Structures are given as C-alpha cells and as structure tokens.
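A.B. asks: show me the folded form of this:
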Amino acid sequence: MREETLEADIAVVGGGLAGVSAAIGAARQGARVVLVQNRPVLGGNSSSEVRVWVCGATAHGVHPFARETGIMGELFVENQYRNPEGNPYYWDLLLLEKVRAEDNITLLLNTEITDVDAHGGPDRRVIRSIAGWVSGSERRVSITASSFVECSGDGLVGYLAGASFASGRESRSMYREPSAPEVPDSNTLGSTILFHTKDVGRPSKFVPPPFAVDIRSTAIPRRREISHEMNGCDFWWIEWGGELDVLHDNETIRDELHAVVYGLWDYIKNSGEFPAENLSLEWVGSVPGKREYRRFFGDHVLVQSDIMDQTEFADRVAFGGWSIDLHPPGGVYASEPGSRHLHPDGNYHIPLRSLFSVNVENLWLAGRTISASHVAFGSTRVMATCATLGEAAGIAAATALRLDVTPRNLSEHHVKELHHAMVRADASLLGVENTDARDLALSASASASSSLVEIAHDVSTRLIPLDDDYGLVVPVDPALDGLDLLLDADEDTSLVVEVHTTSKPQNYLPSEQVGSATVRVGRGRSWTHVPVVWHPASPCNAFVVIRANRHLRLHAGASSPPGSVTLSFRPVPPAEPDPTLWRHWKQVLLREGLCFKLGTTEAFSPRQVLGGFARPYGGPNMWASDDMARDPEPTVTLAWDEHVRFREIDLIFDDDLNEDLINLHHHRTPDEIMPTLVRRATLDVLGTAGWQQVAAVEDNRVRRCSITLDSPVLTDRLRVRVHETNGCRQARIVAVRVFDTPSGVPGAHGS
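C.D. replies: Next up, the predicted model:
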C-alpha cells in the first residue's frame with residue numbers, strides 16, 4: 001500500500017456541482033485546494049452516471065431573468081456552445097476541463113474519505129486532517145488543510161467530525177412551516193435511477209428479468225405519466241427509499257429501483273399499448289441519484305418562511321428560485337402525486353450563516369449539506385443552486401483564510417469583504433451592489449457614442465387573441481409617461497390597462513396598483529395610446545396589466561426589447577387538485593415580445609456600467625447602444641478627473657439571463673452562443689500620442705471577460721469599442737471594472 005500526504009489551504013470533499021464550484025471558486029481566490037471525489041467522474045447527480053438535468057433559480061422558466069452567473073453560469077453558457085444536444089459525456093468532459101484548468105487544484109477521483117481527525121468538545125471542534133482510500137490504485141491518502149468544505153451530499157466528513165446535523169422531517173411547529181408534517185419522522189426524499197432508450201431502426205425484443213416489477217399490478221400506470229417517447233429525467237418520478245435510510249439501505253433501494261425500471265420498460269415494450277417495436281434500452285443508471293440525507297446545523301437554519309417571504313439577509317451569498325418541491329416518502333408506489341410545487345414570488349436569498357457548521361469551527365457547508373429544514377431543502381437541493389452555494393462557500397473559505405478569521409467571524413464582521421470578492425468573481429448574488437473601492441471605475445464618469453433611449457418593438461410577426469389578461473414588465477427610469485400598443489379590433493371596443501409595482505426588485509408579478517386607464521379602440525388595426533402615468537421615487541420595473549377583451553388581438557414579434565418580459569394570466573383549472581399551489585402568471589413569448597412603444601428612458605445609459613448591480617434587479621442594469629445599423633461602432637468611455645494606474649479590466653457582457661439554459665435534455669435552446677454577447681471589441685487608453693489600443697476581445701462567447709495587461713497603464717481615459725455582437729442589434733455591456741491588481745480569476749478570449 002502506498003501512503004501519501006497532501007497539504008492544502010482548503011480541502012473540498014465531494015465532486016458534484018457544489019464541490020466543483022467550491023474548488024474552482026477557492027482556487028481562483030489564490031487558495032491551494034484539494035478536491036476529493038469518490039466517483040470516477042465529476043458532476044454528481046448531473047454526471048453521465050446518473051444524468052439528472054441541472055435545474056436552478058429559473059424553475060424551468062417560471063422566474064424571468066433568474067439564471068445563475070459565476071461558475072454555474074460559465075458552465076451553462078459553455079455547455080450550450082459545446083453540447084447543445086445534451087450529451088452527458090460531453091458534460092462530464094466540460095467539468096473535468098474546468099477543474100484541470102485551475103493550477104491551484106489537486107484532483108483526487110475514486111477517493112473515498114474514511115477517517116476524519118477532529119479535536120475538541122461537542123460545542124467547538126476543529127478538523128485537522130482527513131484520510132481516505134483511492135480505489136483501483138491501492139493508495140492511502142491523508143490531507144491536511146486549514147479548512148474543509150463538506151460537499152459530499154451525504155455529509156460523511158461532517159458526521160465523522162462531530163458536526164451537529166438533522167435528518168428526516170421536522171414537525172410543523174418546530175419552524176412554523178405549513179408544509180411540514182404535524183408529527184416529525186425520519187422520512188426523506190427518495191432516490192432515483194433513470195434510463196434512456198434508442199430507436200434501432202428495426203424490431204428489437206426485450207425479455208424482462210424475473211425480478212422486474214409487474215407495473216400493471218401497481219397503480220403506476222394510473223398515477224404517473226408514461227410514454228414511449230420519454231427518456232431520462234422525464235421519468236424523475238421513478239423514486240423510492242424515502243421511508244428507508246437512503247444511505248445505509250442504498251443497495252436495497254438500488255435493487256428496487258432497477259426492478260421498477262425493467263418492469264416499466266417491459267410495460268412500455270411488451271404491453272402492446274405503445275408503438276415501441278424498434279426501441280431498445282440504451283442506458284440504465286447503476287448509481288441511485290440521492291436527493292436528501294444529512295443537513296448540518298449552521299448559525300441560521302433556512303426555513304420555509306425565508307423562501308416564501310424572500311427574506312433579505314445582510315449576509316446573503318447566493319440565491320435560489322426552485323419551488324419548494326416535496327415528494328411523497330413512498331415514491332413511485334405512493335398514491336399521492338409525485339411532487340408538490342410551492343413557488344415563491346421570485347428568487348430568494350441564502351445567508352452565509354447557513355454555509356458553515358455551528359460547532360465545527362473550520363467546516364464549511366455547500367450543496368445538499370447546508371443548514372436548512374427539510375421543507376426549505378425541498379428548494380435549495382437542485383443542482384444549479386447547489387453550485388452557487390459551492391462557489392459561495394469556496395470564496396468564503398478563501399476569504400476567511402486571507403483575513404485569518406473563522407467562518408462565524410467572517411459572517412459577523414467581514415461580509416463586505418466577502419461581497420467584494422464575490423462581486424468581482426461575478427458570483428450569483430442578488431441585490432448586492434458593487435461598492436468595492438478597489439474598482440477604479442467607481443470614481444469615473446461614463447459616456448457613450450449612443451444609448452438605447454426608446455423602449456419599443458414595432459415589427460409584428462403574428463397576432464395573439466386577448467382572451468386572457470397579459471402582463472408586460474418594463475423598466476421605468478425615471479418615469480412611465482404613457483404606453484402605445486399595436487392592436488387589431490374586430491369592432492369598436494374599450495381597452496383597460498393597469499400599472500402595478502412589483503413586490504421586490506427581483507419579482508416579476510403584479511403587486512400594488514399605481515395607475516390605470518381605459519381607452520377606446522376603433523375597429524381595425526391601430527397603434528393605440530394608453531395614458532398610464534407613474535413617477536416612482538427611484539428606477540424600478542413596472543408590471544403593466546392588459547386586461548382581457550375578446551374583441552382585441554395583440555401583436556407580437558420575433559424579438560423583445562432588453563429588460564422587458566411578457567406574461568399571461570392563467571385561471572385555476574377546474575381539475576387542479578390544489579389551487580393554493582397554482583401560479584397564475586406565467587412567462588410567455590420567450591424570444592418574442594409584444595409590439596409596444598414606451599417612450600424615452602435612461603435605463604440603458606452608460607452610467608449603468610459603473611458599480612451597481614450586475615444582473616437584472618429592479619431594471620436591466622446595463623448599457624445598451626442604439627441599433628448598430630445606426631451606430632456601427634458603439635463605444636462606451638470611462639473618464640477620470642486625474643490619471644489612474646491599472647492593469648486589469650473586467651468586462652461583464654449580457655448573456656441574456658432570461659434564457660433558461662440546461663445541461664442535458666429537458667429542452668433545446670436554439671442559439672449555441674447567446675446573441676446578446678459582445679463578440680469582438682477593442683480596448684483603448686488615451687495617452688500623449690492619442691488613443692492607443694491596449695487589448696482586444698476576439699471570438700467571445702462568455703459573460704465575464706477578464707483582461708490582464710502585460711504592464712500597467714497610466715491614463716485618465718479608457719474606452720471600449722464594440723465591433724460585433726453574436727447577433728444582437730445593440731451592443732450591451734453590464735459592467736466595466738478596472739483594477740490596479742489582477743484578481744487571479746482567469747478570463748476567456750481576452751488578450
């Protein structure tokens with residue numbers, strides 16, 4: 001047996017998306033990281049071994065402008081370019097490449113941690129080292145580190161370290177959670193095994209094994225959707241084991257899930273109810289995808305009210321948006337529906353205090369192990385959210401080490417420093433402004449060759465009957481002074497339009513009504529002016545409700561002005577089993593928009609690239625040029641009152657966070673590169689001899705482009721000239737940041 005010892009600043013245990021993001025996040029802050037994964041591939045439940053699609057804050061498009069940024073955002077956008085068909089092996093490859101690209105990461109695959117050296121009493125413990133076995137190579141590895149990030153999902157390291165944890169379902173009274181059971185129990189969410197089929201072009205038989213479940217003897221055909229066209233996560237409801245111990249009974253659960261899979265395939269293939277003659281099984285998972293096990297206690301336990309009320313924590317470090325998605329413990333055999341979805345009104349915040357152990361001083365938590373109740377965990381458990389938690393924990397661990405403070409001390413006294421690091425890394429933060437004094441751009445003024453000053457969409461491609469209420473969310477900066485709509489009327493009639501606030505800057509639902517107007521519409525086609533007026537105290541979004549009228553039709557076109565989104569109102573269906581879970585307003589016209597004219601706006605002025613928010617939040621928060629047909633080389637210029645010295649320029653481009661990307665096969669997004677991204681640009685500084693080019697962006701397909709110059713420059717002017725986008729008619733830049741010292745976070749395609 002070979003004995004090895006590794007030393008690191010941070011040890012990350014678990015190579016799912018939380019662990020991958022934690023390791024990369026910490027490494028990019030300069031920390032030396034060891035990433036330990038007990039499987040041969042990275043990705044956890046998203047990998048080719050399990051093949052669960054990566055869901056997150058968009059909730060499959062329920063929440064507009066909600067897609068994650070940071071490392072998870074990088075993965076989404078790059079996977080869309082490399083892997084638009086959703087090949088699970090290409091996804092594995094992308095994750096491996098991202099980890100290997102970081103010089104500060106030592107990766108250990110096939111390594112099972114078996115021992116934890118932790119000392120101290122039950123209320124204050126410290127981990128000194130961890131040790132494990134590398135299967136296949138007979139190596140015993142010991143890892144010493146200053147801090148440890150628990151991303152294993154099952155929480156073995158935290159358990160062996162003596163960290164306080166919970167498992168099962170709390171009582172309703174414990175955290176005052178309406179969705180919790182009256183009496184606590186040990187039930188958890190179950191595990192799932194998926195399968196894929198393939199049309200082989202000729203008849204193919206299937207002989208079921210003797211252990212296959214006779215699906216027809218169960219209620220499954222009556223209670224679950226089954227189709228020969230379904231594959232993979234379409235069968236998410238093949239779930240079982242929630243009434244067992246999902247860890248210690250893992251093999252029992254695996255065997256039962258295999259019996260269900262083969263029985264279900266026998267039913268599809270041999271019952272005669274499906275045209276499946278030419279279909280064959282292409283892949284069956286061998287590893288159960290676990291949903292839940294240990295949840296460790298932190299200084300704050302995230303609960304149902306935090307999600308539904310969208311509590312605004314001062315120490316927010318990530319956000320989620322998936323519904324509180326609870327499944328029956330009986331899984332596939334349960335008489336209840338396979339899941340119940342309770343949606344918050346928009347994205348919610350997750351605090352730093354939920355990402356470290358309450359009693360193990362140097363143990364960080366991310367992914368499925370964070371401090372949350374069973375009910376709240378029903379939302380935070382999805383993988384894109386787990387990835388943002390991983391990045392937050394990784395950056396926090398590195399920041400705490402740099403400041404030489406404990407996780408608790410960081411949360412109590414150094415959140416500002418952590419936020420600065422996360423904003424600079426473009427991590428998934430909601431409602432956190434860039435106030436980092438190191439960003440020299442904050443002391444500059446900004447001007448542009450042009451800006452988008454009129455929010456309008458006047459090219460119609462189709463008609464939409466106004467049979468239901470429609471909602472149009474638009475930025476208001478500084479005021480809403482009327483609205484024009486393109487309408488077709490089959491007779492003289494009236495149109496009612498209302499203006500509502502949104503309850504929070506990240507929400508896209510109507511709240512308080514602040515204006516209304518009723519106008520006459522003559523028969524035929526016309527642009528109709530609606531005199532709705534609203535002067536809010538500060539820039540924000542307005543939710544414009546266009547009331548239903550069966551005599552009217554709206555016009556829609558094949559694009560949408562930036563910052564706007566269209567929704568329609570859906571009445572509760574008569575057959576809906578639980579109307580309290582129904583979400584009335586749903587986003588429609590994706591990649592399209594209603595034809596409307598809003599008038600002039602300052603929402604896209606060049607000042608938007610300086611500080612502020614780096615994602616839509618109460619407005620689009622970006623500079624957009626005029627149409628490039630009129631301004632073929634849009635330019636934004638930063639000017640200082642005196643010369644400044646800098647070496648790094650961070651450009652944040654618009655990667656259309658309203659586009660719901662996904663890693664595998666839930667849906668196909670048509671564009672392999674987000675059209676809104678700048679493709680080519682030049683960076684110039686003003687010197688004694690005039691403007692001089694110092695860098696260029698070529699063939700760009702990423703959101704964050706970090707450019708480190710060969711040597712520092714001294715100037716009072718910096719300009720970014722956009723030569724080409726990836727298809728968008730305007731140049732769009734979310735932020736320009738300027739630093740004297742490079743961050744170490746690598747950029748892409750910048751030179």
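A.B. asks: burial measure for the spatially closest residue to residue 166 that is not a sequence neighbour, as a count.
C.D. replies: Computed as Cβ to Cβ, 6 or more residues apart in numbering, the closest residue to residue 166 that is not its neighbour in sequence is residue 295, at 5.2 Å. Every C-beta, even on glycine, is put in place using the N, C-alpha and C of the backbone. Residues near residue 295, counting by other Cβ atoms under 10 Å, number 29.
A.B. asks: how close does residue 181 get to residue 329?
C.D. replies: Residue 181 is 10 Å from residue 329, where distance means Cβ to Cβ, to the nearest Å.
A.B. asks: quick one: low-confidence parts of the protein?
C.D. replies: Low-confidence segments of the chain (pLDDT under 70): 744-751.
A.B. asks: what does the domain assignment say about it?
C.D. replies: Partitioning the chain according to automatic domain parsing yields domains covering residues 2-169+292-424, 193-284, 440-451+604-739, 454-600.
A.B. asks: can I get these in JSON lines with distance to residue 185?
C.D. replies: Below are these laid out as JSON lines (distance: least, Cβ to Cβ, whole Å):
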{"stretch": "domain 2-169+292-424", "distance to residue 185": "5"}
{"stretch": "domain 193-284", "distance to residue 185": "9"}
{"stretch": "domain 440-451+604-739", "distance to residue 185": "32"}
{"stretch": "domain 454-600", "distance to residue 185": "22"}
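A.B. asks: ok so residue 566 is a helix residue?
C.D. replies: No. According to DSSP: H, G, I helix; E, B strand; the rest coil, the state of residue 566 is strand, so it is not within a helix.
A.B. asks: checking my notes, residue 257 in a helix, right?
C.D. replies: Yes. Counting by three-state DSSP, residue 257 is part of a helix.
A.B. asks: now do the contacts for it.
C.D. replies: When contacts are counted by Cβ atoms under 8 Å, 6 or more residues apart in numbering, residue 257 touches 191-193, 238, 240-241, 288.
A.B. asks: again, only this time at 10 Å
C.D. replies: 190-194, 213, 238-241, 284-285, 288-289, 331-332 (Cβ atoms under 10 Å, 6 or more residues apart in numbering).
A.B. asks: just curious, which of those is nearest to residue 582?
C.D. replies: Ranked by distance to residue 582 (Cβ to Cβ), the contacts of residue 257 are led by residue 239 at 23.5 Å.
A.B. asks: partners of residue 10 in the sheet?
C.D. replies: Applying DSSP bridges to residue 10 gives these bridge partners: residue 33, residue 147.
A.B. asks: which residues touch it?
C.D. replies: Taking Cβ under 10 Å, 6+ apart, we find residue 10 in contact with 22-23, 25-27, 29, 31-35, 104-105, 145-149, 362, 364, 393-394, 397-398, 400-401.
A.B. asks: now do the helices in the protein.
C.D. replies: With DSSP state H as the criterion, the chain has helices at 17-27, 70-82, 88-100, 156-160, 172-175, 220-223, 250-270, 304-308, 374-380, 383-403, 407-413, 415-424.
A.B. asks: what separates the second one from the chain centre, distance-wise?
C.D. replies: Think helix 70-82. In terms of Cα atoms, centre = their mean, to the nearest Å, the centre of helix 70-82 is set 11 Å apart from its chain centre.
A.B. asks: could I get the buried residue list for it?
C.D. replies: Neighbour-count burial for helix 70-82, counted by 16 or more other Cβ atoms under 10 Å, picks out 70-80.
A.B. asks: what's it packed up against?
C.D. replies: With contacts taken as 3 or more Cβ pairs under 10 Å, 6 or more residues apart in numbering; DSSP states H and E, helix 70-82 sits against helix 17-27, helix 88-100, helix 383-403, strand 704-725.
A.B. asks: mind redoing it with 6 Å?
C.D. replies: When contacts are defined as 3 or more Cβ pairs under 6 Å, 6 or more residues apart in numbering; DSSP states H and E, helix 70-82 sits against helix 383-403.
A.B. asks: hmm, back to that, among the domains of the chain, which is the most enclosed?
C.D. replies: Highest mean neighbour count among those (mean count of other Cβ atoms under 10 Å): domain 2-169+292-424, with a mean of 22.
A.B. asks: got the end-to-end distance for that domain?
C.D. replies: Criterion Cα to Cα, to the nearest Å; first-to-last residue distance in domain 2-169+292-424 is 42 Å.
A.B. asks: now do stretch 302-314
C.D. replies: End-to-end distance for stretch 302-314: 14 Å, by Cα to Cα.
A.B. asks: what does that stretch rub up against?
C.D. replies: 175, 177, 179, 344, 348-349, 351, 354, 372-373, 375-376, 379, 504 (Cβ atoms under 6 Å, 6 or more residues apart in numbering).
A.B. asks: got TSV for those residues, with distance to residue 432 too?
C.D. replies: Conversion of those to TSV gives the following (distance: Cβ to Cβ, whole Å):
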residue	distance to residue 432
175	26
177	27
179	29
344	19
348	14
349	9
351	12
354	16
372	21
373	25
375	26
376	21
379	20
504	14
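A.B. asks: and the nearest residue to residue 116 once chain neighbours are set aside, how far is that from residue 363?
C.D. replies: Nearest in space to residue 116, with sequence neighbours left out and distances taken as Cβ to Cβ, 6+ apart, is residue 160 at 3.8 Å. Using Cβ to Cβ, residue 160 is found at 11 Å from residue 363.
A.B. asks: hang on, the earlier thing: what about the contacts of residue 257, which are in strands?
C.D. replies: 191-192, 239-240, 284 (DSSP state E).
A.B. asks: just the CA trace of stretch 393-412, in CSV.
C.D. replies: The C-alpha coordinates for stretch 393-412 follow below in CSV (Å, rounded to 0.1, in the frame of the first residue of the first chain):
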residue,chain,number,x,y,z
ALA,A,393,-18.5,28.5,0.3
GLY,A,394,-15.3,28.3,-1.7
ILE,A,395,-14.8,32.1,-2.0
ALA,A,396,-15.9,32.5,1.7
ALA,A,397,-13.3,29.9,2.8
ALA,A,398,-10.6,31.5,0.9
THR,A,399,-11.6,35.0,2.2
ALA,A,400,-11.6,33.8,5.8
LEU,A,401,-8.2,32.3,5.4
ARG,A,402,-6.8,35.5,3.8
LEU,A,403,-8.3,37.5,6.7
ASP,A,404,-7.3,34.9,9.3
VAL,A,405,-10.8,34.7,10.7
THR,A,406,-13.3,31.9,11.5
PRO,A,407,-16.4,31.4,9.4
ARG,A,408,-18.5,32.9,12.2
ASN,A,409,-16.3,35.9,12.5
LEU,A,410,-16.4,36.4,8.7
SER,A,411,-20.2,36.4,8.8
GLU,A,412,-20.4,38.8,11.7
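A.B. asks: which residues does that stretch contact?
C.D. replies: The contact list for stretch 393-412, computed with Cβ under 6 Å, 6+ apart, reads 9-10, 22, 25-26, 29, 31, 146-147, 149, 315, 352-353, 355-356, 361, 364, 366, 414, 418, 421-422.
A.B. asks: ok, stretch 165-172 next?
C.D. replies: 180-182, 184-187, 294-296, 373-374.
A.B. asks: reformat these as JSON lines; add distance to residue 91.
C.D. replies: Formatted as JSON lines, the contacts of stretch 165-172 follow (distance: Cβ to Cβ, whole Å):
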{"residue": "180", "distance to residue 91": "35"}
{"residue": "181", "distance to residue 91": "36"}
{"residue": "182", "distance to residue 91": "42"}
{"residue": "184", "distance to residue 91": "38"}
{"residue": "185", "distance to residue 91": "36"}
{"residue": "186", "distance to residue 91": "34"}
{"residue": "187", "distance to residue 91": "32"}
{"residue": "294", "distance to residue 91": "27"}
{"residue": "295", "distance to residue 91": "27"}
{"residue": "296", "distance to residue 91": "28"}
{"residue": "373", "distance to residue 91": "31"}
{"residue": "374", "distance to residue 91": "29"}
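A.B. asks: which pair of the residues you listed spans the longest distance?
C.D. replies: Farthest apart among the contacts of stretch 165-172 by Cβ to Cβ are 182 and 296. That separation is 25.1 Å.
A.B. asks: if anything else comes up later, I'll come back, but that's it for now.
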